[in-house]
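> I would like to see how this sequence folds:
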Amino acid sequence: MPFKVGPVAACRAHLTFELLRQTMIDRILIKLRREEGQTMAEYSLVVSVIVIGVIAAIGFLALAITGEIGPVATRIGSIT
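This next block holds a predicted model:
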């Protein structure tokens, strides 16, 4: 014999289920709308561009320093 529920209890159960379902949907939508993940991606992109710029600057400085030290080393080598 199946379990029978009165109309008020069935309506209350249906409303409770709908409320829980809507609450879950609202929570999912709120998590999808959050922009923290996007801002972290933007920050990481900016940091990576800065790092690439710093590495390029160090490379250019290394070439410039090597170019200036070469003639000095040659003169020191010719003196001794």
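
> so how many other residues sit close to residue 28?
By other Cβ atoms under 10 Å, the residues close to residue 28 number 10. Every C-beta, even on glycine, is put in place using the N, C-alpha and C of the backbone.

> what about it, distance to residue 22?
11 Å (Cβ to Cβ, to the nearest Å).

> do a quick rundown of the helices in this protein.
When assigned using DSSP state H, the helices of the chain occupy the ranges 7-33, 36-79.

> and those helices as TSV, adding mean pLDDT?
Putting the helices of the chain into TSV (pLDDT from 0 to 100) gives the following:
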stretch	mean pLDDT
helix 7-33	73
helix 36-79	87
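
> tell me the domain ranges of this protein?
Under the assignment automatic domain parsing, the domains of the chain span 1-34, 35-80.

> how close does residue 28 get to residue 54?
41 Å.

> check residue 17 too.
In this structure, residue 17 lies at 57 Å from residue 54, with Cβ to Cβ as the measure.

> go on, residue 27?
Going from residue 27 to residue 54 by Cβ to Cβ gives 42 Å.

> now do residue 74
In this structure, residue 74 lies at 31 Å from residue 54, with Cβ to Cβ as the measure.

> do residue 22 as well
Between residue 22 and residue 54 the distance is 50 Å, computed by Cβ to Cβ.

> do the same with residue 71
Taking Cβ to Cβ as the measure, residue 71 falls 28 Å from residue 54.

> next: residue 66.
From residue 66 over to residue 54 the distance is 19 Å, taken as Cβ to Cβ.

> check residue 79 too.
The spacing between residue 79 and residue 54, counted by Cβ to Cβ, is 37 Å.

> out of those two, which sits in the busier spot?
Neighbours around residue 79 and residue 54, counted as other Cβ under 10 Å, are more numerous at residue 54. The numbers are 10 against 6.

> quick one: the more buried one and residue 45, what's the gap?
Relative to residue 45, residue 54 is positioned 15 Å away (criterion: Cβ to Cβ).

> please apply the same query to residue 23.
For residue 23, the distance to residue 45 (Cβ to Cβ) stands at 35 Å.
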